[in-house]
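Asks: Please find the sequence and the predicted model below.
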Amino acid sequence: MANPTQSRPAQSREVRLAARPIGWPTAENFTLAAVDLPELGDGEVLVRNTVMSVDPYMRGRMNDAASYVPPFQVGEPLDGGAVGEVIASNSDDITVGTQVLHGFGWREYAVVSARRVQPIDTTLAPASAYLGVLGMPGFTAYVGLTHIADMKPGDAVFVSGAAGAVGSLVGQIAKRRGASRVIGSAGSAEKVRHIVEDLGFDGAFNYKDGHLGKQLREAAPEGIDIYFDNVGGDHLEAAIGSLNTNGRVAVCGMISQYNATEATPAPRNLALVITKRLTIRGFIVSDNNALQPAFLDEVGPWVRDGSLITEETIVDGGVEAAPQAFIDLMRGANTGKMLVRF
Ligand SMILES: NC(=O)c1ccc[n+]([C@@H]2O[C@H](COP(=O)([O-])OP(=O)(O)OC[C@H]3O[C@@H](n4cnc5c(N)ncnc54)[C@H](OP(=O)(O)O)[C@@H]3O)[C@@H](O)[C@H]2O)c1
């Protein structure tokens, strides 16, 4: 026993799925419960969560549908990315005081095997960055742009959800990799301003302002070579219309459809895939973990020198505030990464 268990709370509060959402999630889909914390078993640590992530993919896990991750179960706690401090340890590998990244968010404290926590270096970046730019969203941006869409210098890149966690990084990485033009779309005038003035995109438009195809053609008069899709639906149709010959689409997400209760229309211009020789390729970030070292080599220095703009929208209030933060994320309340602080 490396670090004997220290004085610690007897209970932890956690968010459970009360009922599966039909359409948009509401507060009634979640419930807060207190549970007794078990004694630590061999090789286990107790983590006090300090920040947790809410992510769009969690909406899919609230449905009773087989996918690449199992669905959440009604009456059971939710889970997801979180960072916290080890406050008791029964492991030789992780000492008390270590800051760790792990998969047991949506609760105040987590008893977890030391093998399932990853120590983080908070001298390189704040703990929250490991849920954003240095974590899953940053890695998703990197994988989708560089490997799925196979971006080359000179490509014109369009990304939807461009003020969000993934999209904001896609555009900035594309600029650094020599894109000829980077265009983003988002859902408010303030986000459009942020994308151009703060993040350095060449152009941006508000998708709520009118005809998407027309706005994209105006923003990229010479067409686009890559579309990084976070939204699906009308956005994908507009992008197909603007893609140049041999263009590529990395299909990362389709958030416009996550709360749909009926089948959503497919792009009506799919025949252009043939004439323009387009490649449309979906991906799941976790299938690409072999690229982690390359990602950290490239993006880590930009985080260290502060040149990458990494906005966070932080909701205070801890586990109690998490359901509403998730609901608000789905409606676009965030700029950059949406996080809940304990
Ligand atoms: N394939 C993978 O492995 C993988 C991994 C991570 C994330 N993803 C996907 O990547 C996308 C972005 O994720 P994220 O974590 O970076 O989230 P995010 O962009 O930080 O947050 C979600 C954003 O989606 C936008 N949105 C909501 N409804 C919309 C609609 N109907 N049309 C257009 N935009 C809408 C909102 O911004 P506005 O104000 O601009 O509407 C909201 O801020 C999601 O689709 C997610 O599922 C996929």
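Replies: Nice, thanks for sending it over.

Asks: Write out the residues of this protein neighbouring the ligand.
Replies: Neighbours of the ligand within the chain, by C-beta under 6 Å from any ligand atom: 55-57, 137, 140, 161, 163-167, 186-188, 191, 207, 230-231, 252-253, 255-256, 283-285, 329, 332, 334, 338. Every residue, glycine included, has its C-beta placed from N, CA and C.

Asks: Who are the contact partners of the most centrally placed residue in the chain?
Replies: Nearest to the mean C-alpha position of the chain, by C-alpha atoms, centre = their mean, lies residue 137 at 4.0 Å. Applying C-beta atoms under 8 Å, 6 or more residues apart in numbering, we find residue 137 in contact with 55, 131, 165, 166, 169, 337.

Asks: Torsion angles phi and psi at it?
Replies: Backbone torsions of residue 137, given as degrees, to the nearest 10, read phi -60, psi -40.

Asks: Give me the mean pLDDT for stretch 116-129.
Replies: Stretch 116-129 comes out with an average pLDDT of 95.

Asks: one step back: out of the residues of the chain next to the ligand, which are buried?
Replies: Neighbour counting over the residues of the chain next to the ligand (16 or more other C-beta atoms under 10 Å) leaves 55-57, 137, 140, 161, 163-167, 186-187, 191, 207, 230-231, 252-253, 255-256, 283, 285, 329, 332, 334, 338 as the buried ones.

Asks: can you tell me which of these are in strands?
Replies: 186, 338 (DSSP state E).

Asks: What about the buried ones among the residues of the chain next to the ligand, which are in helices?
Replies: 57, 137, 140, 165, 166, 167, 191, 329 (DSSP state H).

Asks: now for those residues, which pair is the farthest apart?
Replies: Taking C-beta to C-beta, the two most distant members of these are 57 and 191; they sit 21.0 Å apart.

Asks: show me where pLDDT drops low in the stretch 151-300 of the chain?
Replies: Flagging of the stretch 151-300 of the chain using pLDDT under 70 yields an empty set of residue ranges.

Asks: At which residues are the strands of it located?
Replies: Secondary structure of the stretch 151-300 of the chain (DSSP state E, counting those that start in this stretch): strands at 156-159, 181-186, 203-206, 224-229, 243-251, 279-282.

Asks: What are the buried residues along the last one?
Replies: Same thing as strand 279-282. residue 280.

Asks: which ones are touching residue 227?
Replies: Contacts of residue 227 (C-beta under 8 Å, 6+ apart): 149, 157-160, 236, 239-240, 242-243, 247-250.

Asks: list the contacts for residue 297?
Replies: Contacts of residue 297 by C-beta under 8 Å, 6+ apart: none found.

Asks: what residues are up against the closest residue to the ligand within the stretch 51-200 of the chain?
Replies: When scored by C-beta to the nearest ligand atom, the stretch 51-200 of the chain has residue 164 as its residue closest to the ligand, at 1.9 Å. Residue 164 makes contact with 186, 230, 334, 335, 336, 337, according to C-beta under 8 Å, 6+ apart.

Asks: For residue 74, which non-adjacent residue is closest in space?
Replies: residue 17 (5.3 Å; C-beta to C-beta, 6 or more residues apart in numbering).

Asks: ok, the one you found - how many residues close by?
Replies: 22 (other C-beta atoms under 10 Å).

Asks: and if you look at residue 262?
Replies: When neighbours are counted by other C-beta under 10 Å, residue 262 comes out with 6.

Asks: Over to it: give its phi and psi.
Replies: phi -130, psi 160.

Asks: ok now do it, which residues does it touch?
Replies: By C-beta under 8 Å, 6+ apart, residue 262 has no neighbours at all.

Asks: For it, give its distance to residue 221.
Replies: 36 Å (C-beta to C-beta, to the nearest Å).

Asks: Quick one: neighbours of residue 246, just the number.
Replies: Residue 246 - counted by other C-beta under 10 Å - has 10 other residues nearby.

Asks: In contact with it: list those residues for me.
Replies: 225, 276, 277, 278, 279.

Asks: can you pick the most crowded of the contacts of residue 227?
Replies: Going by other C-beta under 10 Å, residue 159 tops those with 36 neighbours.

Asks: which residues does that one contact?
Replies: Counting by C-beta under 8 Å, 6+ apart, residue 159 has contacts 167, 170, 171, 174, 182, 183, 184, 185, 227, 228, 230.

Asks: and of the residues you listed, the nearest to residue 215?
Replies: residue 185 (7.6 Å).

Asks: Can you report how many residues lie near that closest one?
Replies: 30.

Asks: and stretch 92-106, average pLDDT?
Replies: On average, stretch 92-106 scores 98.

Asks: Give me the residues contacting that stretch.
Replies: Residues contacting stretch 92-106 (C-beta under 8 Å, 6+ apart): 2-3, 6, 14-15, 45, 47, 49, 52-53, 77-89, 110, 112, 114, 116-120, 122, 127, 130-131, 135, 319, 322.

Asks: Now list the buried members of those.
Replies: 3, 14-15, 45, 47, 49, 52-53, 77-84, 86-89, 110, 112, 114, 117, 120, 127, 130-131, 135, 319, 322.

Asks: Cheers, nothing more for now.
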